[in-house]
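Colleague: sequence plus the predicted model coming up.
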Amino acid sequence: MASLALLAHDTAPERVAKGAKWLCNSWPGEGGWWWRFRHRLFAKPGTVRQDFSLRGWSWTPGTSSWVEPTSLALLLLQEGWEDDLEGMDEELTEVAASLGAFAELAWIYSSRSVIEGLISGPRGALRCAERIRAMATGRLPDEEVAWNAGYAELAGHFVRGDYRVLIAKTRELLRRPGIDTMPRASELSAVRPAAVLTLFLAVALSRLGEFADVERLLAQVRAVVAREETPLGLALLRALEGSLLLARRQPEAAARVSAEGLAHAEQGGFRRLSATMRRLLGPALTESGQSQQAVEVLSEALEIYGGTDWGSGNLLPHRARAYLGIGAIAEARQDAEAALAMTRQFENRPGEGEAHLSLALVHTASQPPDYAAAEREFAEAEACLRECEFRTELADALRAHGEMRLKTQGAAAARPLLEEARELYAYMDRQADVAAVDALLKGTRSGKRSARRKSGS
């Protein structure tokens, strides 16, 4: 996936070549003689036979090969893969027409939208929605076409940070009859569509600061997971819990829950999910004062992601802040600038806001501080975060901006920023942050009274 992302954007051809070489030298678990020998000895007879001499690619080195990673590898190893993908989609439509399998093909495109969104940004997800409408209109009921196209578009809204639109559409899609038992289209996704929709909804609500709604979702997820405690289910549950705790700025609890989720993801062999858990664990460690451990955890996640996809762009602003925590200003600046470039590439407005905020913090921590540059970056961060209503991050940006202005421009310039931050903290019931901002505002008011008494005397 990392190499496909680089190839799609004509970036770092030498890295694409290295990725292709690595793929050519990799070997799935069933490709070895010992696997075939063991299977011949212990396999039970069945109606379906698998030829283990055939070689494909696996999600994780040394494990079983699957159709999806094999398809992605073949796309990379062919030049002009995007044109080939279009041709393959046309062939798929012809096959679906011959079999009358348009419903199945629509669901395949819907599931693929998440992967394409992470590789190509919103345009990849929207391309899947367009394919569904072009292929299924007039062949499937209108409501079926609308549901599948809407599901495909969700990945684009998520990547771009259209949280209000995403929440409304997700709730509408979750009202589909039988959604809880709707199967996966393939091994392309490890979870059912209801779980994907719930994850999208919970993350969006958390970022808007709608914590009571997230708690209600979590109660439903806990009930489902309790019926069958699989490593995947437990890891996803911990991901939701950790995300909520982090949004509420309870870093110690978030770190503990995220570490549990990481253990479950690794137990189940879900490598990319383990990267997501590290992505949650890193900021929690930074806010707990364990910045060196945060750098290490986030670096591990970045290696798993590959450093070029949407997840990598979302991670880099947080590693920048972890670097700031250990005084590594140059490394923090490099991460923040790389994050800014990547989030813009993926049209990722919330990620761009986080990158601007990290860069502002870099400027304030530099020696000497560049407060003029920090002002510009704070303004850009706040514009991005307001646009997508990323309240949890916006409140912190306003507070940091206000604290800087107390040093550089005085109480009058800082007060509007701090008052807006306090209003957001109160809305989210983050009382410790409300109290901290109240102390800052009290200082600005007392400073103003002292100045008046001095001028009067």
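Modeller: Great, that's in hand.
Colleague: strands along the chain, start to end?
Modeller: Assigned by DSSP state E, the chain shows strands spanning 57-58, 65-66.
Colleague: now do Q267 against E241, distance only.
Modeller: Using C-beta to C-beta, to the nearest Å, one gets 17 Å for the distance from Q267 to E241. Bear in mind the C-beta positions are built from the backbone N, C-alpha and C, glycine included.
Colleague: so the two - more neighbours on which side?
Modeller: E241 (23 against 14; other C-beta atoms under 10 Å).
Colleague: pretty sure the more buried one sits against V257.
Modeller: Yes: using C-beta atoms under 8 Å, E241 makes contact with V257 at a distance of 4.8 Å.
Colleague: contact partners for T392?
Modeller: 206-207, 209, 247, 249, 428 (C-beta atoms under 8 Å, 6 or more residues apart in numbering).
Colleague: name the member of these with the most neighbours.
Modeller: S206 (25 neighbours).
Colleague: now that one. Nearest residue, chain neighbours left out?
Modeller: Closest residue to S206 apart from its sequence neighbours, by C-beta to C-beta, 6 or more residues apart in numbering: A247 at 4.4 Å.
Colleague: for L281, same thing?
Modeller: Using C-beta to C-beta, 6+ apart and skipping residues adjacent in sequence, the residue nearest L281 is S258, 4.0 Å away.
Colleague: wait, what's in contact with the one you found?
Modeller: For S258, the contact set (C-beta under 8 Å, 6+ apart) comprises 238-239, 242, 246, 277, 280-281, 284.
Colleague: L273 now?
Modeller: Taking C-beta under 8 Å, 6+ apart, we find L273 in contact with 190, 232, 235-236, 239, 265.
Colleague: please report how far it lies from R279.
Modeller: The spacing between L273 and R279, counted by C-beta to C-beta, is 10 Å.
Colleague: what residue is smack in the middle of the protein?
Modeller: Compute the mean C-alpha point of the chain, and by C-alpha atoms, centre = their mean the closest residue is G311, 5.1 Å away.
Colleague: for the closest residue to that residue other than its chain neighbours, which residues are in contact?
Modeller: Distance criterion C-beta to C-beta, 6+ apart; nearest residue to G311, sequence neighbours excluded, is Y305 at 4.6 Å. Taking C-beta under 8 Å, 6+ apart, we find Y305 in contact with 2, 272, 275, 311-312, 315.
Colleague: next step: the residues you listed restricted to helices.
Modeller: 2, 272, 275, 311-312, 315 (DSSP state H).
Colleague: picking up where we left off before, in helices, which of the contacts of L273 appear?
Modeller: Using DSSP H, the subset of the contacts of L273 located in helices is 232, 235-236, 239, 265.
Colleague: name the member of those with the most neighbours.
Modeller: For the ones in helices among the contacts of L273, neighbours tallied by other C-beta under 10 Å; top is L236, 28 neighbours.
Colleague: hang on, that residue packs against A195?
Modeller: Yes: at 6.6 Å, L236 counts as touching A195 under the criterion of C-beta under 8 Å.
Colleague: find the residues that touch each one of those two.
Modeller: By C-beta under 8 Å, 6+ apart, no residue touches both L236 and A195.
Colleague: give the buried residues for stretch 242-253.
Modeller: By neighbour count on 16 or more other C-beta atoms under 10 Å, the buried set for stretch 242-253 is 242-251, 253.
Colleague: do the same with stretch 271-283
Modeller: Buried residues in stretch 271-283, counted by 16+ other C-beta under 10 Å: 272-283.
Colleague: if anything else comes up later, I'll come back, but that's it for now.
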